[in-house]
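K.L.:
no sequence for this one, just the structure:
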Ligand code: 2AM
Ligand code: CA
């Protein structure tokens, strides 16, 4: 299954790149005012579903663009393009994200950023790799030495509590804060130690399922802000483990404060 996944995601990356090569002609439609879906998202997802169903006809599949396809013990969770906005704006920070669960537990994960030529993979209990080489989280412990990523998916949903207060509180404490636009890549960058943590609100399971396994297999933590799994994927905090407590305290304290202007 590992080799099947590796080949599948690489071929899916080629399809995304072929669409990107004629970006001006790629059809883009709006799921909502700011939420985009392109011809490439649909083409990659259809390719993935077709090949998974051909190889494993009894497996279940959940796809971002097409919903659930029923099946048994194994479940594939796919995001054909994570970071569709980056794709549309010709930025390199988009990825294909594929996770495989067995009996409800993550078992295999792959995230491929085709423009950058980077394939992150993990198998439960066997560690994580980048282009076949083992990776591990960073050992930075002081926030002022840390670079982190976050995102603003929450702003598209008019939530009462969004990420802006959290960003305002954390940015001054860090060496750097980045918004790359692909939650799957954010988790992989924690996994390989480029960043030391990442947090975000209101993601979907297909954005994070593969990256979570990759980050945890590389020695990181992936939980909700309080350190539990229950709040995922609406709250996510991925860390190198060392900065977890401090980040969890800051995020929980600020996020649990009543929003301004409330009685
Ligand atoms: P997508 O590109 O697959 O939609 C970036 O912050 C992350 O947020 C990406 O993983 C992106 O996934 C996701 N995202 C973008 N728009 C979103 C929305 N309206 N609701 C939830 N997540 C969204
Ligand atoms: Ca997507």
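P.N.:
Yes, it's here. All figures in this text were calculated on a predicted structure; none of them were measured in a lab. Ligands and ions are numbered 1, 2, ... in the order given.
K.L.:
all helices of this protein, in order?
P.N.:
With DSSP state H as the criterion, the chain has helices at 2-20, 39-55, 84-88, 164-170, 183-191, 205-217, 244-256.
K.L.:
Save these as CSV, and put in distance to residue 155 too.
P.N.:
The way it works is simple: take the backbone N, C-alpha and C, and place the C-beta from them, glycine included. Listed next are these as CSV, based on distance: least, CB to CB, whole Å:
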stretch, distance to residue 155
helix 2-20, 25
helix 39-55, 21
helix 84-88, 12
helix 164-170, 8
helix 183-191, 14
helix 205-217, 15
helix 244-256, 15
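K.L.:
deepest of those, which one?
P.N.:
Scoring these by mean neighbour count under mean count of other CB atoms under 10 Å gives helix 183-191 as the most buried, with a mean of 31.
K.L.:
Leaving out sequence neighbours, find the closest residue to the one residue in the stretch 151-263 of the chain that gets nearest to ligand 1.
P.N.:
Scanning the stretch 151-263 of the chain for the residue nearest ligand 1 gives residue 151, at 2.5 Å (criterion: CB to the nearest ligand atom). Distances taken as CB to CB, 6 or more residues apart in numbering place residue 200 nearest to residue 151, at 4.5 Å, with adjacent residues excluded.
K.L.:
and that neighbour, how many neighbours does it have?
P.N.:
Residues near residue 200, counting by other CB atoms under 10 Å, number 25.
K.L.:
Would you check that the residue of the stretch 151-263 of the chain closest to ligand 1 makes contact with residue 185?
P.N.:
No - between residue 151 and residue 185 there is no contact under CB atoms under 8 Å: 10.4 Å.
K.L.:
Quick check: residues of this structure near ligand 2?
P.N.:
Applying CB under 5 Å from the ion, one finds that the chain approaches ligand 2 through 64, 79, 81.
K.L.:
Who wins on neighbours among the residues you listed?
P.N.:
Among the residues of the chain next to ligand 2, residue 79 has more neighbours than the rest - 33 neighbours, counting by other CB under 10 Å.
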